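> Dropping a prediction and its sequence here:
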Amino acid sequence: MRKNPLALARSVHAEIIERRILLIRKQRVMLDSDLAQLYGVTTFNLNKAVKRNRERFPEDFMFQLSVGEAGNLRFQFGMSGWGGRRYLPYAFTEQGVAMLSGVLRSKRAIQVNIAIVRAFVRLRRMLASHRHLAQKLVELERKLANHDQKIHSIFDAIRQLMAPPAPARRRIGFHST
């Protein structure tokens, strides 16, 4: 069965996007350099377009990383630097990425934006599913904790039944009757 090349390209694109979504300040974000690469523009031009429309990007849509956060990312990804950048990277939340579609007006920007928003949605669904499974596991553990003592006593009884009987010891030496 042959896969649809367009569907394959979308899934690869989605995987690339999902790998570039980071958790910083307890928020899922994408860095300006990653977004610029996906949109096919330079990081400088992406940030210039954002600065021209600064009122569209409040702090909960976009923020600049601190020196410590940037250092942690460099260490985490094994990078020596940010490609000669003279300023700290910007991080865009899901809402900030959505706002970029109004700032960057190319067809490619629109398509990439749709793919990024879908990746954020998939990630949110996956995390919700994991939370649901974790909650079910906690509930199961609570139920088993009530039965834990009974289960242990059953296993102890089974082990005793399975254990071979202790051999009768013959006494050595002279015996008086």
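Received it, and whenever you're ready, just let me know what you need.

> Break down the protein into its strands, ranges please.
22-24, 27-31, 62-64, 90-93 (DSSP state E).

> what's the average pLDDT for the third one?
Confidence over strand 62-64 (mean pLDDT, whole number) is 95.

> for it, which positions count as buried?
The neighbour-count check on strand 62-64 (16 or more other C-beta atoms under 10 Å) flags 62-63 as buried. C-beta here means a position set from N, CA and C on the backbone, and glycine is covered the same way.

> between the strands of the chain, which gets nearest to Arg108?
strand 27-31 (16.1 Å; C-beta to C-beta).

> got a list of contacts for the closest one?
20-23, 73, 89-94, 96-97, 116, 120, 123 (C-beta atoms under 8 Å, 6 or more residues apart in numbering).

> Report the buried members of the residues you listed.
Buried subset of the contacts of strand 27-31 (neighbour count, 16+ other C-beta under 10 Å): 20-22, 73, 89-94, 96-97, 116, 120.

> Dump the residues you listed into a markdown table; add pLDDT and distance to Leu140 as well.
Shown next, in a markdown table, are the buried ones among the contacts of strand 27-31 (pLDDT from 0 to 100; distance: C-beta to C-beta, whole Å):
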| residue | pLDDT | distance to Leu140 |
| --- | --- | --- |
| Arg20 | 87 | 35 |
| Ile21 | 87 | 31 |
| Leu22 | 89 | 33 |
| Leu73 | 78 | 38 |
| Pro89 | 92 | 43 |
| Tyr90 | 94 | 44 |
| Ala91 | 95 | 38 |
| Phe92 | 94 | 39 |
| Thr93 | 92 | 35 |
| Glu94 | 88 | 33 |
| Gly96 | 91 | 39 |
| Val97 | 88 | 38 |
| Ile116 | 87 | 37 |
| Phe120 | 85 | 31 |
